[in-house]
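Trainee: fold the following.
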Amino acid sequence: MFVQRSSCMIDSMGCWGTGCLFQINGRSFVITCAHVLRTDNITCYCYDKVFHPKLIYKNPIFDYAFDVALLEGPKDGHNLAKLANYIPAVGQTVYSVGFPVFKHFGMDGKFTPSIYRGRVTKYTKGVINTDCPVQAGQSGGPIFDGDGNLLAVMVSNFKSEIDGKIYPFHNMCIPICDIYDILFRYSKTNDYAELTNLQAEKSIVDKWKLRNPKIECKL
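Mentor: Numbers count the residues shown, from 1 in each chain. Next up is the predicted model:
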């Protein structure tokens, strides 16, 4: 299955997560979450190879939207996903790929990521919610559409601050459609300043922190 081959397990000095190999403007990259990368010492375990990518950009502000990091992709240029540059529809079928709970499923020649089917439950600018099950180890993992295009980057599930319960079927993802132009411009210009735009505006940060929107009443 192609979605499996364009996914990778990422290990950064014992901290692990998931990433996705993708192409844009003829260049290859890996996208994941910033919180997955403990250091610049990074290993990507793929379907048919292992490589050590160079870190291009990592959001320097911990726990801040967007929780994203961009790495150099492999030189061979195959098994690369295409980006889905469109707003998803509620109810649309999607697939999450990752390495939940046990990272050895991505190592030692096994490479058996979990693939889950779900649906988009909500989209607002800066956030996609799906009901794909998500556990520890899937951070940074891809959400694919039905054509195998990268629709979003998985960031987190929900955890109640009241009783500590985790809700794995409710999660928050970074929409590719909202960062596509940034990635496109960087791939064309190689200008690092373009990637600083991945630090989202306050209204989007508030959504990720589940803050109520500001209500203005003008009479």
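Trainee: going forward, measure contacts and count neighbours with C-alpha atoms only.
Mentor: Noted.
Trainee: identify the residues contacting Val134.
Mentor: Contacts of Val134 were listed using C-alpha atoms under 8 Å, 6 or more residues apart in numbering, and they are Pro100, Ser156, Asn157, Pro168, Phe169, His170, Asn171.
Trainee: among those, which ones are buried?
Mentor: Pro100, Ser156, Asn157, Pro168, His170, Asn171 (16 or more other C-alpha atoms under 10 Å).
Trainee: counting neighbours, what do you get for Gln4?
Mentor: 21 (other C-alpha atoms under 10 Å).
Trainee: per-residue confidence at it?
Mentor: Gln4 is assigned a predicted lDDT (pLDDT) of 80.
Trainee: do you know the pLDDT at the residue nearest in space to the middle of the chain?
Mentor: Closest residue to the average C-alpha location of the chain: Val153 at 2.3 Å, with C-alpha atoms, centre = their mean. You'll see Val153 listed with a pLDDT of 97.
Trainee: what's the separation between it and Asn190?
Mentor: Noted for Val153: a distance of 22 Å to Asn190, by C-alpha to C-alpha, to the nearest Å.
Trainee: list the buried residues for the helix ranked longest in the chain?
Mentor: Longest helix of the chain, by residue count under DSSP state H: helix 176-189. Neighbour counts over helix 176-189 (16+ other C-alpha under 10 Å) mark Ile176, Cys177, Asp178, Ile179, Tyr180, Ile182, Leu183, Arg185, Tyr186, Ser187 as buried.
Trainee: with pLDDT and distance to Trp16 added, can I get those residues in a markdown table?
Mentor: What follows is the buried residues of helix 176-189, written out as a markdown table (pLDDT from 0 to 100; distance: C-alpha to C-alpha, whole Å):
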| residue | pLDDT | distance to Trp16 |
| --- | --- | --- |
| Ile176 | 98 | 22 |
| Cys177 | 98 | 26 |
| Asp178 | 98 | 25 |
| Ile179 | 98 | 24 |
| Tyr180 | 98 | 25 |
| Ile182 | 98 | 26 |
| Leu183 | 98 | 24 |
| Arg185 | 98 | 29 |
| Tyr186 | 98 | 26 |
| Ser187 | 97 | 26 |
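Trainee: quick one: low-confidence parts of the chain?
Mentor: Within the chain, the segments meeting pLDDT under 70 span 1-2, 101-109, 159-161, 211-219.
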